[in-house]
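Colleague: have a look; sequence and predicted model below, questions after that.
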Amino acid sequence: AAGVIQSPRHLIKEKRETATLKCYPIPRHDTVYWYQQGPGQDPQFLISFYEKMQSDKGSIPDRFSAQQFSDYHSELNMSSLELGDSALYFCASSQRRLAGLRSYEQYFGPGTRLTVT
Amino acid sequence: SQQGEEDPQALSIQEGENATMNCSYKTSINNLQWYRQNSGRGLVHLILIRSNEREKHSGRLRVTLDTSKKSSSLLITASRAADTASYFCATAPNRDDKIIFGKGTRLHILP
């Protein structure tokens, strides 16, 4: 079965550079979530999109922005990178529109490991 | 503030034994999920239990939920070396909400 695809899998950037992470949800999934997991930390919610509109926002720095495109893939743009941005970035997808009364299970991608030097 | 707190933070047991991990949370939830993460890798969804459910099984996994105590437990029976990983509970306040993760339990299965 198709899973969530994230690219790139690894990324090394220098301080003050920009980075773009991409997420391709499971086919027919309409909702995308972004999470950040620092070293030894639990994943923290950043932002989510449903049907190409931002649906919820967490602890996402102003230097970060994200969007969901017409094909439902999403991109997380990170500018003025700081050392503290080094983390594993997960994307998850779920299907809300056809879920009915069921809870929306989120399926996670393998993550993008960002290292800022 | 952190929604989920796991207990214990780390657990080492012999292969073949049962492992129990607990999770407590603070606010009302629609569902609670358990995830496994091998060192620095992706999150694998294990099981979801809804707020109106009390127990759920999946293979060697058994999850209980006590909404009156705002707690859940994950039992892994007949542990194997491959079960060595970090286990996170995650809660969803509403069914379409972001997931709020706890700090995780590091489980180490000794040969």
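Modeller: Right, received. Where do you want to start?
Colleague: bridging residues for the most centrally placed residue in chain A?
Modeller: Taking CA atoms, centre = their mean, the centroid of chain A lies closest to A:W34, which sits 2.9 Å from it. Under the criterion DSSP bridges, A:W34 forms beta bridges with A:I47, A:C91.
Colleague: how close does B:S39 sit to A:W34?
Modeller: 22 Å (CB to CB, to the nearest Å). Quick note: C-beta positions are derived from backbone N, CA and C, even for glycine.
Colleague: my bad, should have said B:G59
Modeller: Distance of B:G59 to A:W34, computed by CB to CB: 30 Å.
Colleague: what do you get for A:F90?
Modeller: For A:F90, the distance to A:W34 equals 7 Å [CB to CB].
Colleague: with B:E17 instead?
Modeller: 37 Å.
Colleague: can I get stretch B:74-88 in CSV, CA atoms only?
Modeller: C-alpha atoms of stretch B:74-88 as CSV (Å, rounded to 0.1, in the frame of the first residue of the first chain):
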residue,chain,number,x,y,z
LEU,B,74,0.0,-0.5,26.4
LEU,B,75,0.9,-4.1,27.1
ILE,B,76,3.2,-6.0,24.8
THR,B,77,3.1,-9.7,25.5
ALA,B,78,5.9,-12.2,24.8
SER,B,79,8.4,-9.5,24.0
ARG,B,80,10.9,-9.9,21.2
ALA,B,81,14.2,-8.2,20.5
ALA,B,82,12.6,-6.4,17.6
ASP,B,83,10.2,-4.7,20.1
THR,B,84,13.2,-2.6,21.2
ALA,B,85,12.1,1.0,20.4
SER,B,86,10.6,4.1,21.9
TYR,B,87,6.8,4.0,22.4
PHE,B,88,4.7,7.2,22.4
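Colleague: residues making contact with it?
Modeller: Residues external to stretch B:74-88 that are found in contact with it (CB atoms under 8 Å, 6 or more residues apart in numbering or on different chains): A:42-43, B:4, B:6, B:13-23, B:34-39, B:43, B:46-47, B:60-64, B:89, B:101-109, B:111.
Colleague: what strands flank the lowest-mean-pLDDT helix or strand in chain A, and is each parallel or antiparallel?
Modeller: Using mean pLDDT, DSSP states H and E, strand A:107-108 stands out as the lowest-scoring helix or strand of chain A, at a mean of 90. In the sheet, strand A:107-108 lines up against strand A:87-94 (antiparallel) (DSSP bridges).
Colleague: the strands in the chain, which residues?
Modeller: In the absence of a named chain, chain A is used. A:5-7, A:10-13, A:19-24, A:31-37, A:44-50, A:53-57, A:64-68, A:74-78, A:87-94, A:107-108, A:112-116 (DSSP state E).
Colleague: actually, chain B is the one I wanted.
Modeller: Secondary structure of chain B (DSSP E): strands at B:4-7, B:10-14, B:19-25, B:31-37, B:43-50, B:55-58, B:61-66, B:71-76, B:85-92, B:100-101, B:105-110.
Colleague: only alpha carbons, please: show the fifth one as PDB.
Modeller: The one in question is strand B:43-50. What follows is strand B:43-50, C-alpha atoms only, in PDB (Å, rounded to 0.1, in the frame of the first residue of the first chain):
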ATOM      1  CA  LEU B  43       6.700   6.700  13.600                       C
ATOM      2  CA  VAL B  44       4.800   3.500  13.200                       C
ATOM      3  CA  HIS B  45       1.100   3.600  14.200                       C
ATOM      4  CA  LEU B  46       0.300   0.700  16.500                       C
ATOM      5  CA  ILE B  47      -3.200   1.100  17.700                       C
ATOM      6  CA  LEU B  48      -6.000   3.700  18.100                       C
ATOM      7  CA  ILE B  49      -8.500   3.500  20.900                       C
ATOM      8  CA  ARG B  50     -11.500   5.800  21.000                       C
END
